[in-house]
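# any chance you can model this:
(one chain, ligands or ions: 1)
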Amino acid sequence: MVVLHKVHGSQNRFFLLDQTTLEQPLTDPELVALAQQMTHPKTGLLNGADGILVVNASNHDNVLGQMRVINADGSEASMCGNGLRTVSRYLAEKYHSNQFKVETLTADLQVSRQSDLATDVPAFSVEISPVRFNQTAFPFDHLGGETLIDAPVRAFADGLTFTAIAVPNPHLISFVDTTTMNGPLLGDLGARLNRPNRYFPDGVNVSFAQILGPDQLFVRTFERGVGFTNACGTGMSATSLAFAMTHPQLGHFGRQMTIYNPGGMVKTVVHHSKARDTIELIGNATETHLITVDDAQLHQANVTEATATVATTHEEAAYEAFVAGLPSVSAIAVKE
Ligand SMILES: N[C@H](CCC[C@H](N)C(=O)O)C(=O)O
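Okay, the predicted model is just below:
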């Protein structure tokens, strides 16, 4: 039997599978089948999830484990900011360490435990990097230049400007007004750019952001491989960087930013140097359920006989109380 954890960062929900506890790790096709099955609201468990976080051993120095990210549709992503916070907590508690690195597809990233956001709301800080803007990061046809920074793209939408940043998974960002934020455009554009298209053949996470004030944003994301989620950690991180780059009077490098999202709130700090940009993402790492399932059934993506129990602590209620206590926020009118 093996135990999986249902976890969330800003209510971006995942099943976490530590493969070092299995007799045999799942093959890649088995991981894809498990993600598609387990995260589905109907065929899955506990109303499904946005993806699965796969923890494997790592033989890198000062690294406590490797994280792989499989989206709900079975596609693999190079990074997951909300997920990395929950994997960091899992490894911190497994190995009794509060500061270490986690191996991801393209980099070993620094993570550390932070003080709880509230009672029973544990928090972690994770490094989001590498950051890239250029064509090699985006296999998209030239949009008229080597990078896409705060530029209009009629093919995407009229009257908006867009910024493309890879952290290293791909993000397309636009700063919008309330009407646009609440309209159909984000869903339409997100769906369109995640079907075969000439701009992002590997798909892209699309985020709309509203500016609430100095170093304060509200961000909503249509995620590649998932659709709308309550929050996207790499999306909020990339948007924080775009904010500092395109609205320097309001978004400041090196200062803590508060990023609200439909699932709650995180903090980011954009570190900018000549050599490279990295973003620090700080937020909750909540565990809601433990799931016990037979190893063999996991290999067959069969979770029909899995048993789920609410995790011992009352973390979901604690997180919801934390969100209920957040200040109500409204966008400021910002001249584009
Ligand atoms: N859908 C993303 C992966 C998950 C990222 C998101 N959940 C986060 O917290 O960063 C992609 O395909 O690039």
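# tell me which stretches of the chain form helices.
28-38, 81-95, 178-182, 185-192, 233-246, 295-299, 315-324 (DSSP state H).
# most tightly surrounded among the ones you listed?
Greatest average neighbour count among those goes to helix 233-246 (a mean of 27), per mean count of other Cβ atoms under 10 Å. In this view, the C-beta of every residue, glycine as well, is placed from N, C-alpha and C.
# give the residue spans of this structure that score low on pLDDT.
139-144, 312-313, 331-336 (pLDDT under 70).
# need the residues of it near the ligand, please.
Contact residues, the chain versus the ligand (Cβ under 6 Å from any ligand atom): 12, 50, 69, 71, 77, 80-83, 169, 205, 223-226, 232-234.
# counting neighbours, which of those end up buried?
When neighbours are counted using 16 or more other Cβ atoms under 10 Å, the residues of the chain next to the ligand contain these buried positions: 12, 50, 69, 71, 77, 80-83, 169, 205, 223-226, 232-234.
# could you chop the chain up by domain?
Domain ranges of the chain: 2-126+284-324, 135-282, per automatic domain parsing.
# between those, which one is closest to S330.
domain 135-282 (7.0 Å; Cβ to Cβ).
# got the end-to-end distance for the closest one?
29 Å (Cα to Cα, to the nearest Å).
# which residues in the stretch 201-336 of the chain form strands?
For the stretch 201-336 of the chain, the strands defined by DSSP state E, counting those that start in this stretch cover 205-213, 216-223, 227-228, 256-261, 264-272, 277-284, 286-293, 307-310.
# quick one: L189 and F156 touch, right?
Yes - taking contacts as Cβ atoms under 8 Å, L189 lies within contact range of F156: 5.9 Å.
# distance check, A318 against the ligand.
Distance of A318 to the ligand, computed by Cβ to the nearest ligand atom, to the nearest Å: 21 Å.
# quick one, what contacts that residue?
Counting by Cβ atoms under 8 Å, 6 or more residues apart in numbering, A318 touches 118-121, 286.
# next, count neighbours for the closest residue to F322 other than its chain neighbours.
Excluding its sequence neighbours, the residue lying closest to F322 (Cβ to Cβ, 6 or more residues apart in numbering) is A118, at 4.3 Å. A118 has 14 neighbours, counted by other Cβ atoms under 10 Å.
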